[in-house]
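Engineer: I need the structure of the sequence given here:
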Amino acid sequence: MYFCNVFQTKYRNMLRIAVQSKGRLFDDTMNLLSEADIKVSASKRTLLVQSSNFPLEVLYLRDDDIPQSVASGVADIGIVGENEFVERGENAQIIDRLGFSKCRLSLAIPKKIDYPGLQWFNGKKIATSYPNILRKFMKKNNINADIHVITGSVEISPGIGLADGIFDIVSSGSTLVSNNLAEVEVVMKSEALLIGNWNMDEEKHEILNEMLFRFEAVRSAQDKKYVMMNAPKEKIQEITEVLPGIKSPTIIPLADEEWCSIHTVLDEKRFWEIIGKLKELGAQGILVTPIEKMIL
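Structural biologist: Numbering: from 1, shown residues only. Sure thing, here's the model as predicted:
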């Protein structure tokens with residue numbers, strides 16, 4: 001409660017963030033806010049919701065409306081897929097790349113076709129919800145294709161004879177497989193972006209900076225483990241050379257003068273490789289715990 005009151009007295013205004021109202025990006029965004037201890041109701045019946053402990057209000061919108069809402073100042077910032085941001089071409093700034101909701105925009109054609117290369121699309125009909133990105137790509141590669149704009153299920157277009165191929169979002173690729181399509185060209189990769197209006201005042205920039213600080217703390221902790229172990233003092237030098245800690249491991253003396261306790265942070269990608277080396281060097285009682293936040 002004290003923390004909430006500090007924010008309420010410090011700031012006169014609230015920072016407004018536009019967020020996708022449903023889908024995977026909605027889930028990932030709400031998880032990020034929650035991990036940053038920004039409490040927001042996820043009610044889909046309410047358009048505008050205030051955080052109960054941070055000077056932030058959340059505006060729930062369709063993903064394709066977010067770039068314009070931020071560019072026009074209806075929202076101060078927004079979280080949107082890079083694909084939508086590039087497609088809409090609105091005048092907003094990219095503040096941060098958030099590293100989640102990753103996908104790609106790709107060209108796909110029926111599996112039965114023996115694809116010879118990009119020139120195959122000359123004179124072909126392509127169905128897409130992203131005509132602007134596709135036109136730029138085709139122009140850059142001197143391909144003259146007939147682009148059909150579709151807002152629904154793009155992937156069914158070749159099967160019903162509406163188009164020869166499609167240009168659409170690909171994540172796992174399962175949707176393409178279920179529609180007998182093969183991904184043949186990756187045009188761009190996409191992830192969630194934090195975008196902002198160019199004309200935010202100083203107070204809103206302060207709130208934004210606090211929020212970015214929290215986001216970075218959450219990201220820094222991802223795929224990291226806090227590791228504690230007992231080790232013989234004679235092996236400290238060799239063990240510390242194995243450990244890729246943030247700066248250097250913490251070494252704590254134990255009651256047994258020949259042993260010590262070593263604490264460090266390990267990246268999960270190399271975790272088992274390093275743990276094996278530590279055991280070979282005599283480390284015992286290795287305790288591993290997840291990290292919720294990490295301030296660098």
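Engineer: residues touching the biggest helix by length in the chain, excluding its own?
Structural biologist: For the chain, the longest helix by residue count, based on DSSP state H, is helix 202-221. With contact meaning Cβ atoms under 8 Å, 6 or more residues apart in numbering, helix 202-221 is reached by 11-15, 32, 35-38, 54-56, 76-77, 95-96, 98-99, 194, 196, 200, 291-296. In short, each C-beta sits where N, CA and C put it, glycine included.
Engineer: which among those residues end up buried?
Structural biologist: 11, 14-15, 32, 35-36, 38, 54-56, 76-77, 95-96, 98, 194, 196, 200, 294 (16 or more other Cβ atoms under 10 Å).
Engineer: same for the helix or strand harbouring residue 183, what does it pack against?
Structural biologist: Assigned by DSSP states H and E, residue 183 belongs to strand 181-190. Contact here means 3 or more Cβ pairs under 8 Å, 6 or more residues apart in numbering; DSSP states H and E; on that basis strand 181-190 packs against helix 82-88, strand 103-110, helix 131-140, strand 165-170.
Engineer: and among these, the most buried is which?
Structural biologist: Each of those was scored by mean neighbour count; the highest is strand 165-170, a mean of 24, by mean count of other Cβ atoms under 10 Å.
Engineer: and the angle for that one with strand 103-110?
Structural biologist: Angle between the axes of strand 165-170 and strand 103-110 is 150 degrees (criterion: axes from the mean of the first three to the mean of the last three Cα atoms, to 10 degrees).
Engineer: mind giving me the domain ranges of this protein?
Structural biologist: Residue ranges for the domains of the chain, per the TED database: 1-101+192-221, 103-189, 223-290.
Engineer: pass me the low-pLDDT residue ranges in the stretch 51-200 of the chain, would you?
Structural biologist: The model of the stretch 51-200 of the chain has no residue with pLDDT under 70.
Engineer: pretty sure residue 125 is touching residue 149, no?
Structural biologist: No - here residue 125 lies out of contact with residue 149, judged by Cβ atoms under 8 Å, at a distance of 11.6 Å.
Engineer: neighbour count: the two, which is higher?
Structural biologist: More neighbours surround residue 125 than the other of residue 125 and residue 149, with 17 against 12 (other Cβ atoms under 10 Å).
Engineer: dump the residue contacts of residue 270.
Structural biologist: residue 244.
Engineer: what do you get for residue 24?
Structural biologist: Listed by Cβ under 8 Å, 6+ apart, the contact partners of residue 24 are residue 101.
Engineer: also residue 91?
Structural biologist: So residue 91 contacts 71, 198 (Cβ under 8 Å, 6+ apart).
Engineer: many thanks, I have nothing further to ask.
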